[in-house]
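1. Pasting a predicted model and its sequence here:
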Amino acid sequence: MTRLDLTCLQVPEEHKGQPLSAYVGSRIVTSFPNIAAKFFKPLDDAASAQTGTKVQTKIKVLGGSVEAACGLGLADAVIDLVETGTTMKAAGLCMLETLMTTEAVLISNPQSKHPELTRRIIDRIQGYMDSTKYQLINYNVSREVLPAAMKITPGKKSPSILPLERGDWVAVHAMVIRKEVPNIIDELCAVGATDIIVFALANCRV
């Protein structure tokens, strides 16, 4: 069970064309001051040697909503983790440089004296991770176009199909990738599905 994250230098969207050198000596806000200092030190040293004066990037430590620092005028850029990029884009930022790629890994001891507890912990974590990645979509469709609809929503394993009182129609329930939901709804409408409802998942076991 793993998850990849990027630690990136993020800058305002309107400055995405700026070279990395433009941020040497600037104000950087981050929750990772040591990583930021290590990244900017050779850049600062090169700029100092070129100009003949000491150049030092100003690194400030901030916990919490680091991405808001630029909008508040506290920083010229930020260094923060990027998983999906949603928070970064909402703050009007874009990635200028990737400092490092990190991976969170869950490791269990195969010789554990409590294998049932270990399995339960793993299942709970996996269930929560699945609930953040997937949503549940329900819709009604005629059996005539059911094969086409099932291609659109195959589910994580398979969709659930229940007959309706309405002739040859069925209700379909399937888990779908959260970020693909808008396109899936459009495709279902195109093949004739109706009564499409999407539910967020608080937790699940699949």
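-> In hand now; what should we look at?
2. Buried residues in the lowest-mean-pLDDT helix or strand in the chain, which are they?
-> Among the helices and strands of the chain, strand 2-12 carries the lowest confidence by mean pLDDT, DSSP states H and E, at a mean of 83. Buried residues in strand 2-12, counted by 16 or more other C-beta atoms under 10 Å: 7-12. C-beta: built from backbone N, CA, C; applies to glycine.
3. That one pairs with which strands, parallel or anti?
-> In the sheet, strand 2-12 lines up against strand 77-82 (antiparallel), strand 93-105 (antiparallel) (DSSP bridges).
4. For those, could you give me JSON lines that also reports distance to residue 54, mean neighbour count and mean pLDDT?
-> Output for the strands paired with strand 2-12, formatted as JSON lines (distance: least, C-beta to C-beta, whole Å; neighbours: other C-beta atoms under 10 Å; pLDDT from 0 to 100):
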{"stretch": "strand 77-82", "distance to residue 54": "20", "mean neighbour count": "22", "mean pLDDT": "92"}
{"stretch": "strand 93-105", "distance to residue 54": "23", "mean neighbour count": "14", "mean pLDDT": "89"}
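5. Kindly reformat those strands as TSV containing distance to residue 133.
-> Formatted as TSV, these follow (distance: least, C-beta to C-beta, whole Å):
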stretch	distance to residue 133
strand 77-82	17
strand 93-105	15
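6. where does this structure dip in pLDDT?
-> Applying pLDDT under 70 to the chain flags residues 1-3.
7. can you pull out the strands in it?
-> Taking DSSP state E to define them, one finds strands in the chain at 2-12, 27-30, 58-61, 77-82, 93-105, 134-142, 160-163, 169-177, 194-199.
8. For residue 116, find the nearest of the ones you listed.
-> Residue 116 sits nearest to strand 93-105 of all those, at 21.8 Å, using C-beta to C-beta.
9. Against the centre of the protein, work out the most remote residue.
-> Most distant residue from the mean C-alpha position of the chain: residue 52, 42.8 Å away (C-alpha atoms, centre = their mean).
10. Please report the distance of that residue from residue 24.
-> 15 Å (C-beta to C-beta, to the nearest Å).
11. Over to residue 68?
-> Counting by C-beta to C-beta, the gap from residue 68 to residue 24 is 23 Å.
12. residues in contact with the closest residue to residue 48 other than its chain neighbours?
-> In this structure, residue 48 finds its nearest non-sequential neighbour in residue 55, 4.7 Å apart by C-beta to C-beta, 6 or more residues apart in numbering. By C-beta atoms under 8 Å, 6 or more residues apart in numbering, the contact set of residue 55 is 24-25, 44, 47-48.
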